[in-house]
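Trainee: Model the following, please.
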Amino acid sequence: MSPQHGLPSSSGERKRPAAGKVRKQPSPARGTKRSLAAEGQGRPSEAGERERPSGTQGREGAASTAQGRERAIVGQARNAQQTGKNRHNGRKNRPDQKGDDRRASHDAETPRNDASAPERGTSQDREDLQADCANCFGLCCVALPFARSADFAVNKPAGQPCSNLQLDFRCGIHERLRDKGYPGCTVFDCFGAGQKVSQITFGGTDWRQAPKTARSMFEVFPAMRQLHELLYYVTEALDLAPARPVHQELRRARAHIDGLTRGSAESITGLDVNALRGEVNTLLLRASELARAQVPGRKKNHRGADLMGAKLAGADLRGASLRGALLVAADLSGADLRDADLIGADLRDADLSGADLTGALFLTQAQLNAAKGDAATELPPTVGRPAHW
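Mentor: Numbers count the residues shown, from 1 in each chain. Next up is the predicted model:
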């Protein structure tokens with residue numbers, strides 16, 4: 001099963017309504033696995049902005065509670081919605097459309113052989129932070145609980161294999177998850193934690209072969225996922241050229257976190273991941289501020305804002321801070337989200353049709369998978385267009 005059951009998590013500014021809470025706004029989104037307790041209940045997580053409610057508990061991915069902290073460790077709508085022709089390179093009223101991408105290129109700014117050049121996230125770094133189900137023991141389908149809801153067809157306690165998990169640790173309904181009532185599974189991302197626990201922490205011996213390791217393995221997985229989420233965000237920050245002043249500290253943080261992921265099962269489960277998120281979030285916030293400072297004009301600050309169901313079609317949110325913002329079922333069609341900080345933003349069922357997310361900061365595949373979009377939605381090169389769009 002593709003580990004994309006959840007969204008990033010936010011950091012702690014205020015409680016969010018559970019997916020099914022009654023609110024006279026557009027129906028809360030479907031498709032977010034929820035994690036339990038400190039491992040990750042709720043939605044996308046900024047490195048530490050606010051705790052999220054457990055509501056429909058499920059896959060740890062759905063933004064760990066820590067994801068319920070500032071997801072990462074971690075405007076006003078225009079009257080007229082932008083037309084399709086204005087959503088591409090020649091977009092009107094949007095200067096420097098593609099010209100000021102904040103991502104550092106391998107050749108830019110400093111020669112590769114310059115010892116002072118910042119150490120950027122390499123393709124190998126990113127590969128290690130992508131789910132590799134073929135080398136995982138189906139941990140997201142066993143270790144994490146979920147409750148019957150719009151996201152999941154049945155209840156499943158933590159530690160019990162999903163009825164759809166096959167003997168080869170693959171999902172028997174992978175291609176039909178949404179049709180079968182498991183949209184929550186399609187928006188979870190373990191950031192590569194599954195294969196790390198399976199192949200490194202437990203040396204390639206699965207929980208079926210060695211039943212005595214099962215409990216420990218299932219306890220390590222949620223903590224490892226949070227560590228890998230942090231590695232993902234730190235790697236993203238190292239790709240931001242304007243964030244060069246904090247690159248050295250980010251490199252140290254990445255090395256430290258990577259070292260933690262290679263520890264014993266006992267050392268990993270004993271970590272205070274929430275405290276680590278808070279430390280890393282300070283660096284991520286600084287990187288975000290430096291990157292967004294390059295965007296001309298005044299930037300909107302919607303950090304932690306409740307924008308559930310908000311009418312933001314065509315909104316100018318370029319360079320805005322949307323860290324941990326609740327954007328469930330918000331209308332962002334045609335919105336300008338270039339270089340906006342989306343760490344931990346809850347995009348479940350948000351309409352991104354025709355929106356421009358070029359250079360969006362800390363955007364994850366799980367966030368996109370939980371949202372709605374179309375062929376006109378412009379995306380950063382680090383994420384792919386969801387199949388259901």
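
Trainee: Could you measure from the residue lying closest to Gln160 once chain neighbours are set aside over to Pro296?
Mentor: Nearest non-adjacent residue to Gln160, counting by C-beta to C-beta, 6 or more residues apart in numbering: Val142, 7.0 Å away. Bear in mind the C-beta positions are built from the backbone N, C-alpha and C, glycine included. To Pro296, Val142 is 50 Å away according to C-beta to C-beta, to the nearest Å.

Trainee: The two: which has the busier surroundings?
Mentor: Per other C-beta atoms under 10 Å, whichever of Val142 and Pro296 has more neighbours is Val142, with 21 against 11.

Trainee: Touching, the more buried one and Asn164? I think so.
Mentor: No: in this structure Val142 lies outside contact range of Asn164 using C-beta atoms under 8 Å: 11.3 Å.

Trainee: The closest residue in space to Glu229 that isn't next to it in sequence: neighbouring residues, count only.
Mentor: The shortest distance from Glu229 to any non-neighbouring residue, by C-beta to C-beta, 6+ apart, is to Phe191 (5.0 Å). Phe191 has 26 neighbouring residues, counting by other C-beta under 10 Å.

Trainee: Contacts only, for Phe191.
Mentor: Residues in contact with Phe191 (C-beta atoms under 8 Å, 6 or more residues apart in numbering) are 129-131, 225, 228-229, 231-232.

Trainee: Just the helices from the stretch 51-200 of the chain, written as ranges.
Mentor: 123-128, 193-196 (DSSP state H, counting those that start in this stretch).

Trainee: quick one, which of the ones you listed is packed in tightest?
Mentor: Mean neighbours per residue, mean count of other C-beta atoms under 10 Å, is largest over those for helix 193-196, with a mean of 26.

Trainee: What residues of the following helix or strand past that one count as buried?
Mentor: In the C-terminal direction, the helix or strand that comes right after helix 193-196 (DSSP states H and E) is helix 214-238. Neighbour-count burial for helix 214-238 flags 214, 216-238 (criterion: 16 or more other C-beta atoms under 10 Å).

Trainee: helix or strand right after helix 214-238?
Mentor: Going down the chain from helix 214-238, the next helix or strand is helix 247-261, by DSSP H and E.

Trainee: Next, the closest residue to Ala237 other than its chain neighbours: secondary structure please.
Mentor: In space, and not counting its chain neighbours, Ala237 is closest to Ala287: 4.0 Å by C-beta to C-beta, 6+ apart. Put simply, Ala287 is helix when judged by DSSP: H, G, I helix; E, B strand; the rest coil.

Trainee: what about Ala287, neighbour count?
Mentor: The local packing of Ala287 (other C-beta under 10 Å) involves 28 other residues.

Trainee: for it, what are its contacts?
Mentor: By C-beta under 8 Å, 6+ apart, the neighbours of Ala287 are 237, 240, 243, 246, 250.

Trainee: Apply 10 Å and report the result again.
Mentor: Listed by C-beta atoms under 10 Å, 6 or more residues apart in numbering, the contact set of Ala287 reads 233-234, 236-240, 242-247, 249-250, 341, 361-362.

Trainee: PyMOL command for the buried members of the residues you listed?
Mentor: Burial among those is assessed by 16+ other C-beta under 10 Å; the matching PyMOL selection reads:
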select buried, resi 233+234+236+237+238+239+240+242+243+244+246+247+249+250+341+361+362
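
Trainee: where along the stretch 251-389 of the chain do the helices fall?
Mentor: Using DSSP H, counting those that start in this stretch, helices in the stretch 251-389 of the chain cover 265-269, 273-292, 365-370.

Trainee: and the longest one, what's its mean pLDDT?
Mentor: Helix 273-292 carries an average pLDDT of 97.

Trainee: Just want the angle from that helix to helix 214-238.
Mentor: 20 degrees (axes from the mean of the first three to the mean of the last three C-alpha atoms, to 10 degrees).

Trainee: in helix 273-292, what's buried?
Mentor: For helix 273-292, by 16+ other C-beta under 10 Å, it's 273-274, 276-278, 280-288, 290-292.

Trainee: Between helix 247-261 and it, find me the angle.
Mentor: 150 degrees.

Trainee: hey, C-alpha coordinates of helix 273-292 in PDB?
Mentor: The C-alpha trace of helix 273-292 is given here as PDB (Å, rounded to 0.1, in the frame of the first residue of the first chain):
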ATOM      1  CA  VAL A 273      10.500  13.900  19.000                       C
ATOM      2  CA  ASN A 274       8.200  16.800  19.900                       C
ATOM      3  CA  ALA A 275      11.100  18.700  21.500                       C
ATOM      4  CA  LEU A 276      13.300  18.000  18.500                       C
ATOM      5  CA  ARG A 277      10.500  19.300  16.200                       C
ATOM      6  CA  GLY A 278      10.500  22.500  18.100                       C
ATOM      7  CA  GLU A 279      14.300  23.000  17.700                       C
ATOM      8  CA  VAL A 280      14.200  22.200  14.000                       C
ATOM      9  CA  ASN A 281      11.200  24.400  13.500                       C
ATOM     10  CA  THR A 282      13.100  27.400  14.500                       C
ATOM     11  CA  LEU A 283      15.500  26.800  11.600                       C
ATOM     12  CA  LEU A 284      12.800  26.100   9.200                       C
ATOM     13  CA  LEU A 285      10.900  29.300  10.100                       C
ATOM     14  CA  ARG A 286      14.100  31.300   9.600                       C
ATOM     15  CA  ALA A 287      14.700  29.600   6.200                       C
ATOM     16  CA  SER A 288      11.100  30.400   5.200                       C
ATOM     17  CA  GLU A 289      11.400  34.100   6.200                       C
ATOM     18  CA  LEU A 290      14.600  34.500   4.200                       C
ATOM     19  CA  ALA A 291      13.100  32.900   1.100                       C
ATOM     20  CA  ARG A 292       9.800  34.800   1.300                       C
END
